[in-house]
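>>> sequence isn't available, so here's the structure alone:
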């Protein structure tokens with residue numbers, strides 16, 4: 001077994017950002033967005049009404065069908081969410097390195113508009129106790145994903161105002177984020193479709209600008225037009241809210257090869273650019289490489305409880321040198337409840353999966369020894385296909401009623417063509433960015449679903465696999 005480290009970069013420029021990868025069976029780190037470093041790993045060895053439940057199931061099935069079929073919408077030559085009434089107020093990060101948090105939450109806010117007009121707290125995200133970085137140190141979109149997908153947030157700005165360096169404890173999320181997609185690199189049509197269908201797309205660029213008052217050879221202040229064609233890595237996040245295929249190349253200080261630009265919403269106040277927004281050339285080196293879209297934000301009564309052990313989220317990858325692997329987390333039911341869904345990362349495009357459930361398991365001490373068929377009989381509960389990289393919540397096809405105190409396992413067989421480390425994991429990359437707790441998880445990995453290995457003990461990591469239940 002060996003560990004492979006992968007790098008991304010940290011976003012700064014009055015805002016900073018990072019990335020990582022992970023632990024040890026055989027692993028490699030994920031391609032995160034904005035900028036930063038992570039490591040990787042490789043391994044060997046209802047209280048809910050029925051129609052509401054059916055509606056959520058149909059929505060999830062519809063998303064998967066759309067992914068498989070491929071969107072067919074005809075894209076206009078230009079589009080602007082401002083004209084649709086689908087952007088929140090322009091914000092200002094000030095002198096702190098929090099662009100990553102502003103971009104993440106702004107993109108999330110646009111996905112809820114115009115129906116829900118919410119202002120989320122960047123302080124609560126950037127001061128999260130699981131992150132070891134200060135607000136001047138930057139961050140990355142995988143940190144945003146970890147915070148949101150674990151239901152640590154979002155919380156409202158009024159409950160945790162920005163800039164006071166204090167974040168109250170005990171605040172509850174006002175939405176449950178259940179799906180986040182990562183769009184392909186430089187796939188401009190996918191970005192445009194996401195803007196129209198979902199809302200703003202978080203993306204990264206390199207800039208020597210620091211705030212609304214600074215100047216740069218790459219920025220035409222008069223036209224609010226930015227174009228960089230160098231080799232520097234991204235250091236700033238903003239949100240793509242539109243585009244213009246015919247935006248004149250002459251508007252940029254240095255003329256790109258052709259016309260066309262994305263319209264981006266920044267976090268430097270209304271004094272910057274065109275009321276807080278600016279144009280970035282299609283030919284910019286970094287725009288459109290890392291693209292995050294928040295595709296499922298649900299009300300907080302969707303599930304009663306979340307079971308998880310990866311509060312810092314996707315840091316690296318684990319596998320056996322094959323595009324296929326099995327992984328599992330074991331949990332103990334806290335009450336009489338129905339297991340409704342499972343959530344995990346598809347870290348490669350075109351991922352297929354099968355989800356199984358095992359029940360009434362042996363005690364942890366006995367199972368931790370690993371070995372053959374430690375889960376006993378496994379009940380198949382769902383299967384499907386995921387076109388884009390991202391995190392997905394999959395509703396189960398089978399009714400699974402758990403008893404209080406029952407030990408149960410969610411088990412996933414995953415196949416990600418082209419990858420050799422298809423399992424997302426959380427681990428301590430020794431980079432001072434995240435606080436990892438290995439005592440809260442009981443995870444297992446297997447090549448073929450028969451002989452299993454305990455990952456916390458053997459690989460020093462947690463499996464990124466959540467379970468969602470509803471109290472009965």
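Nice, thanks for sending it over. It should be emphasised that the depicted structure is a prediction, and the values quoted were computed from it without experimental measurement.
>>> tell me which residues in stretch 438-455 are buried?
By neighbour count with 16 or more other C-beta atoms under 10 Å, stretch 438-455 contains the buried residues 438, 441-447, 449, 452-455. Heads up, the C-betas are built off the backbone N, CA and C, glycines and all.
>>> then stretch 282-302?
By neighbour count on 16+ other C-beta under 10 Å, the buried set for stretch 282-302 is 282-297, 302.
>>> can you name the residues that contact the most centrally placed residue in the chain?
By C-alpha atoms, centre = their mean, the chain has its centre lying nearest to residue 145, at 3.6 Å. Counting by C-beta atoms under 8 Å, 6 or more residues apart in numbering, residue 145 makes contact with 180, 292, 313-314, 391.
>>> avg pLDDT for the one helix or strand it maps to?
Using DSSP states H and E, the element containing residue 145 is helix 141-149. If you average the pLDDT over helix 141-149, you get 96.
>>> so which residues of the stretch 51-200 of the chain form helices?
With DSSP state H, counting those that start in this stretch as the criterion, the stretch 51-200 of the chain has helices at 99-112, 122-126, 141-149, 188-197.
>>> from the contact counts, what lies against the shortest one?
In terms of contacts (3 or more C-beta pairs under 8 Å, 6 or more residues apart in numbering; DSSP states H and E), helix 122-126 is packed against helix 99-112.
>>> which strands and helices sit next to the helix it packs on?
On a contact count with 3+ C-beta pairs under 8 Å, 6+ apart, helix 99-112 meets helix 122-126, helix 141-149, strand 201-205, strand 236-244, strand 291-298.
>>> for the helix or strand hosting residue 410, list every residue counted as buried.
Following DSSP H and E, one finds residue 410 within strand 407-415. Residues of strand 407-415 classed as buried: 407-415 (neighbour count, 16+ other C-beta under 10 Å).
>>> hmm, who's touching it?
323-333, 339, 342, 344, 346, 351-364, 375, 378, 400, 402, 422-423, 444, 449, 465, 467.
>>> could you report the neighbour count for residue 404?
Using other C-beta atoms under 10 Å, the number of residues around residue 404 comes to 10.
>>> low-confidence ranges, the stretch 51-200 of the chain, go.
Applying pLDDT under 70 to the stretch 51-200 of the chain flags the ranges 51-72.
>>> the stretch 351-472 of the chain: strands as residue ranges?
With DSSP state E, counting those that start in this stretch, the ranges of strands along the stretch 351-472 of the chain come out as 351-358, 371-372, 379-386, 389-402, 407-415, 423-427, 443-446, 451-454, 461-463, 465-471.
>>> which among those strands is found nearest to residue 184?
The closest of these to residue 184 is strand 389-402. By C-beta to C-beta, the value is 7.9 Å.
>>> how's this structure carved up into domains?
70-293, 301-471 (automatic domain parsing).
>>> and the gap between residue 436 and residue 318?
Distance, residue 436 to residue 318, using C-beta to C-beta, to the nearest Å: 15 Å.
>>> of these two, which one has the most company?
Using other C-beta under 10 Å as the criterion, residue 436 and residue 318 rank with residue 318 on top: 32 against 22.
>>> phi, psi for the more buried one please.
Main-chain torsions, residue 318, degrees, to the nearest 10: phi -130, psi 150.
>>> rewinding a little: the helices of the stretch 51-200 of the chain: which one's closest to residue 169?
Among the helices of the stretch 51-200 of the chain, helix 122-126 sits nearest to residue 169 (C-beta to C-beta), with 10.4 Å.
>>> what's in contact with the closest one?
Applying C-beta under 8 Å, 6+ apart, the contact partners of helix 122-126 are 91, 93, 96, 98, 100-102, 104-105, 135, 139, 144, 147, 153-155, 157, 159-167, 171.
>>> filter those to the buried ones?
By neighbour count, with 16+ other C-beta under 10 Å, the contacts of helix 122-126 hold 91, 93, 96, 98, 100-102, 104-105, 135, 139, 144, 147, 153-155, 157, 160, 162, 167, 171 as buried.
>>> how many neighbouring residues does the closest residue to residue 190 other than its chain neighbours have?
Of all residues not flanking residue 190 in the chain, residue 183 sits nearest, at 4.7 Å (C-beta to C-beta, 6 or more residues apart in numbering). For residue 183, the count of nearby residues is 24 (other C-beta under 10 Å).
>>> can you check residue 418 too?
Residue 418 is flanked by 9 other residues according to other C-beta under 10 Å.
>>> quick one: residues contacting it.
In this structure, residue 418 makes contact with 323, 348, judged by C-beta under 8 Å, 6+ apart.
>>> measure it to residue 347 for me?
11 Å.
>>> over to residue 217?
Counting by C-beta to C-beta, the gap from residue 217 to residue 347 is 37 Å.
>>> of these two, give the one with the bigger neighbour count.
The neighbour comparison of residue 217 against residue 347 (other C-beta under 10 Å) goes to residue 347, with 27 against 9.
>>> list phi and psi for that one.
Residue 347 adopts backbone torsions of phi -100, psi 0, taken as degrees, to the nearest 10.
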